[in-house]
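next comes the sequence, and after it the predicted model I'd like to discuss.
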2 protein chains.
Amino acid sequence: MSKSGTKKRLGSDYGSEEAKKKIKAPSEVLAHVKQLAKIALSEPEIERTLLELELEHDCREVIDKDADAVMDEVESAIYQSAVSILKGEGFSFAVPSRSKGNQLYVPELDRIVLKNSTSQRHFSNSATCRKAVITARVLGLIHELCIKRIHVTKRDLFYTDVKLFEDQTNSDGTLDDVACMLGCTRSSLHVVASEKGVVVGRLRFKEDGDQIDCQRMGIGGKAIPPNVDKVVDIESDAHFILLVEKDAAFMRLAEDRFYNTYPCIILTAKGQPDVATRLFLRNLKLTLKIPVLALVDSDPYGLKILSVYMKGSMNMSYDSSNLTTPDVKWLGVRPSDLDRFNIPQQCRLPMTEEDIKTGKKLMEEDFIKANPEWVKELEIMVTTKVKAEIQALSSFGFQYLSQVYLPLKLQEGDWI
Amino acid sequence: MSKSGTKKRLGSDYGSEEAKKKIKAPSEVLAHVKQLAKIALSEPEIERTLLELELEHDCREVIDKDADAVMDEVESAIYQSAVSILKGEGFSFAVPSRSKGNQLYVPELDRIVLKNSTSQRHFSNSATCRKAVITARVLGLIHELCIKRIHVTKRDLFYTDVKLFEDQTNSDGTLDDVACMLGCTRSSLHVVASEKGVVVGRLRFKEDGDQIDCQRMGIGGKAIPPNVDKVVDIESDAHFILLVEKDAAFMRLAEDRFYNTYPCIILTAKGQPDVATRLFLRNLKLTLKIPVLALVDSDPYGLKILSVYMKGSMNMSYDSSNLTTPDVKWLGVRPSDLDRFNIPQQCRLPMTEEDIKTGKKLMEEDFIKANPEWVKELEIMVTTKVKAEIQALSSFGFQYLSQVYLPLKLQEGDWI
């Protein structure tokens, strides 16, 4: 009907109908993925700890702890304070410094840990009195959450004592202090962020006692819970996890039941990933030991999102390795795909100055540099100065993504 | 531990411990709700249609149509064009005007319909040629979606022919035109928005063939699907639907399994409601005929959100009655609750100038004026000039919301 002939485009190498013919039976399509999965499975688990390394610095790391362990830590912190009072040294807390100067990158662990610098919060000192009280209050609240086994948001925590906290930045900051004091991750403290992610596909687990089957979750999928510690008994016959940047692509794959033909788990955080989705992905990867393939926009922002999944965000660097999934493969949409799949010129968007700057900055980052193929793709992006969204694939038909693009990519083992 | 004694607050009339004692057995708590439900059930269904009214204007309304009906309408539109060509009058479409001037409020239906003003899009006229082509293309795409029984986003639609559409505003606008042409709602066209909402509680339904039990959805809940037409066989033993503004409150109620003690369905769109959540709520209400009680922040924004559920947003007014749930009761947090429940002064926030202006503007709106009790509450809000979030209830303890506030509200039948 329109003058911009879709017909012509169909004639291209990877246009819809011709390309569809290239797709083999699902088991053959999945051959490369299965090989990748085998490698992932055979890799020895090298979860080295700080202790084993015998570093010259006295270091501390934060790890996931369960409610009982956190309660023990709180009680021990209060005990320390009591000892200090009895000694005649007054009521105070020793709080580790979270500043850049007290952070140390440990290459052997590929993570940031905190050095041993701490500051004392004395109740008797007018400069630290308020902070000491706030710390005590937060410790008490965390203890209560652990006893009751319930989860709340930062905002809830703030509202329990607005008169004392005055501003939410005070309770939020102290919460991070307390996590470092107790040597546990922020999520161990039972204070969670709001949920954004959804999951669908070949996955079963128990959530707070309920048996969840993500293969029978219709099109909307299952909302990823904010409190990932209530997710247990993870089971799956999937060959890979498909990490999707955007809601629209997730919807397409869910409605087409992509996971029925190609056994996989499909996951999205709808843009910038939240803590719960990152934890959930990490959990899946550690438990199932299957490859994670990412489908993001072909732009610097898509890569930024990948980097958050893989490396975490900068402002909680010492906590980030507990949230990350290092080994994510970049399946698409990659800058080189645009020509390979003959994405029409008018579906490609010019990059802004800001985009190009972000792209160049990304090329400097260690986790990109570690993978020459990623660098090559980024180079294509910043030299051609074009970007494209996942939806650009719709120019070959609405179901091109699920019926042609992804099967071809999988069949060719085309990830980097 | 803190100096701001929670102890003192507990002594107040509705403080945690004393208030808890007032709460009777669940069946007694629910007595008022059951009465409300009985009224809702006994109300005759008055779904009057335009035809019955015999208006002096020739009017058209948009209604939900299934895929087959939409296909029929598309084919009939194309048939009309063919007839016009054969008559020698050329290829053109008659597109209803969506402008304010062509809208008519029909009090008998309490909804806005379109009057009979249409404009012709001639292919042979240079001013309308492009629009005619775009309209034909969109009609073709909608037809394809209906045949394949799949749903896509507006963005997907745009990308199918970027060369023709040039800008997404063109395909979006034409989509609304086509909905009016075909006399159906936008959601009938199989073009959906992304999903935001989640649901948990006493609800079972079939989604695209999968049996979903929202009582076994852990804490995260079930994501509300973008394509609500795939939700069928809705069943429930709930006494009411609890519409929650915010994610944090939803999480509290879901984790505490509030619906086990007080049989209900808990729903949130996490802020400003999206189309899918509004459709889903409307669907539940029409099918189950149980009361909808709303829990929103005590501020003008909370009421704005209620108004979107109840009255729809202004820019799709002729389509809005297909998305709305008129009869929502305002349970809390209401301005009068702040004193009644002794919400500590420091948990109340001063309203900004903008807030007060919005509040006063709301008081002018018909759906507020229709309910004197709502006006009274709004008057309290704008005279005291304070607002409060749902989370302010956390000042009495994290579970005050689920264990005290809501049960008391229900027990007293305290909604308006």
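Sure thing, it's come through. Numbers count the residues shown, from 1 in each chain, chains lettered A, B, ... in the order given.

low pLDDT regions in the stretch 51-200 of chain A?
A:51, A:55-57, A:110 (pLDDT under 70).

residue numbers of it in contact with chain B?
A:133, A:136-137, A:140, A:144-145, A:148, A:150-153, A:155-164, A:192, A:194-195, A:198 (C-beta under 8 Å from any C-beta of the partner chain). C-beta here means a position set from N, CA and C on the backbone, and glycine is covered the same way.

show me those residues that map onto strands.
Judged by DSSP state E, these include A:V198 as members of strands.

which among the residues of the stretch 51-200 of chain A next to chain B end up buried?
A:133, A:136-137, A:140, A:144-145, A:150-153, A:155-164, A:192, A:194-195, A:198 (16 or more other C-beta atoms under 10 Å in any protein chain shown).

now A:C129: how far from chain B?
Taking C-beta to the nearest C-beta, to the nearest Å as the measure, A:C129 and chain B are separated by 11 Å.

tell me who's in contact with the residue lying closest to that residue once chain neighbours are set aside.
Residue nearest to A:C129 in three dimensions, not counting chain neighbours: A:F123, with 5.6 Å by C-beta to C-beta, 6 or more residues apart in numbering or on different chains. Each residue near A:F123 by C-beta atoms under 8 Å, 6 or more residues apart in numbering or on different chains is listed here: A:G90, A:F91, A:S92, A:C129, A:A132, A:V133.

doesn't A:H122 make contact with the fourth one?
It stands for A:C129. Yes. Contact criterion C-beta atoms under 8 Å: A:C129 and A:H122 qualify, at 7.4 Å.

starting at the chain centroid, how far to stretch A:358-375?
For stretch A:358-375, the distance from its own C-alpha centre to the chain's C-alpha centre is 19 Å (C-alpha atoms, centre = their mean, to the nearest Å).

so which elements touch the strand or helix carrying A:L408?
According to DSSP states H and E, A:L408 maps onto helix A:406-411. With contacts defined as 3 or more C-beta pairs under 8 Å, 6 or more residues apart in numbering or on different chains; DSSP states H and E, the packing partners of helix A:406-411 are helix A:16-22, helix A:26-29, helix A:31-42, strand A:328-332.

can you show me the CA trace of the longest one as PDB?
This file holds the C-alpha atoms of helix A:31-42, laid out as PDB (Å, rounded to 0.1, in the frame of the first residue of the first chain):
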ATOM      1  CA  ALA A  31      23.900 -26.200  19.000                       C
ATOM      2  CA  HIS A  32      26.300 -23.200  19.600                       C
ATOM      3  CA  VAL A  33      24.400 -22.100  22.700                       C
ATOM      4  CA  LYS A  34      24.600 -25.600  24.100                       C
ATOM      5  CA  GLN A  35      28.400 -25.600  23.500                       C
ATOM      6  CA  LEU A  36      28.600 -22.200  25.300                       C
ATOM      7  CA  ALA A  37      26.600 -23.600  28.200                       C
ATOM      8  CA  LYS A  38      28.900 -26.600  28.400                       C
ATOM      9  CA  ILE A  39      31.900 -24.300  28.700                       C
ATOM     10  CA  ALA A  40      30.100 -22.200  31.400                       C
ATOM     11  CA  LEU A  41      29.300 -25.300  33.300                       C
ATOM     12  CA  SER A  42      32.800 -26.700  33.200                       C
END
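
buried ones in that helix?
Buried-residue list, helix A:31-42, by 16+ other C-beta under 10 Å: A:H32, A:V33, A:L36, A:A37, A:A40.

kindly indicate which of these lies nearest A:L378.
Using C-beta to C-beta, A:L36 is the member of the buried residues of helix A:31-42 that lies nearest A:L378, at 22.5 Å.

against A:L104, how distant is the closest one?
Distance, A:L36 to A:L104, using C-beta to C-beta, to the nearest Å: 33 Å.

go ahead and confirm A:D58 touches A:K115.
Yes. Between A:D58 and A:K115 a contact is recorded at 7.3 Å, counting by C-beta under 8 Å.

so those two - more neighbours on which side?
More crowded of A:D58 and A:K115, by other C-beta atoms under 10 Å in any protein chain shown: A:K115, with 17 against 10.

for the residue most central in space within chain A, what are its contacts?
Centrality entry for chain A: nearest residue to the mean C-alpha point is A:R278, 2.8 Å, by C-alpha atoms, centre = their mean. A:R278 sits next to A:A269, A:V308, A:Y309, A:G312, A:L323, A:T324, A:T325 when contact means C-beta under 8 Å, 6+ apart.

so the residue of chain A most remote from its centre, which state does it fall into?
Relative to the centre of chain A, the most outlying C-alpha is that of A:G88, 46.5 Å out, by C-alpha atoms, centre = their mean. With DSSP: H, G, I helix; E, B strand; the rest coil as the basis, A:G88 sits in coil.

returning to that earlier point: which one of the contacts of A:F123 is nearest chain B?
A:V133 (6.1 Å; C-beta to the nearest C-beta).

I'd say A:E255 and A:I219 touch.
Yes. Assessed by C-beta under 8 Å, A:E255 is found in contact with A:I219 at 4.9 Å.

so A:G413 sits right up against A:V29, yeah?
No. When contacts are counted by C-beta under 8 Å, A:G413 is not listed as touching A:V29 (10.0 Å).

those two: which has the busier surroundings?
A:V29 (19 against 13).

which one is the more buried one nearest to, not counting chain neighbours?
A:Q411 (4.3 Å).

next one: that neighbour from chain B, what distance?
23 Å.

for that residue, which residues are in contact?
Taking C-beta under 8 Å, 6+ apart, one finds A:K22, A:I23, A:K24, A:E28, A:V29, A:A31, A:H32 in contact with A:Q411.

adding pLDDT and distance to B:F396, write these out as CSV.
What follows is the contacts of A:Q411, written out as CSV (pLDDT from 0 to 100; distance: C-beta to C-beta, whole Å):
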residue, pLDDT, distance to B:F396
A:K22, 86, 64
A:I23, 87, 60
A:K24, 89, 63
A:E28, 89, 62
A:V29, 89, 57
A:A31, 89, 60
A:H32, 88, 57
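
between those residues, which sits nearest A:D208?
The closest of the contacts of A:Q411, once distances to A:D208 are taken by C-beta to C-beta, is A:V29, at 36.4 Å.

how near is the closest one to chain B?
Taking C-beta to the nearest C-beta, one finds A:V29 at 21 Å from chain B.

correct me if wrong: that residue contacts A:Y262.
Yes. Between A:V29 and A:Y262 there is a contact at 6.6 Å, judged by C-beta under 8 Å.

how about the residues of the stretch 251-400 of chain A by chain B?
Residues of the stretch 251-400 of chain A lying near chain B (C-beta under 8 Å from any C-beta): A:251-252, A:255-256, A:270, A:344, A:346-347, A:389, A:391-395, A:397-399.
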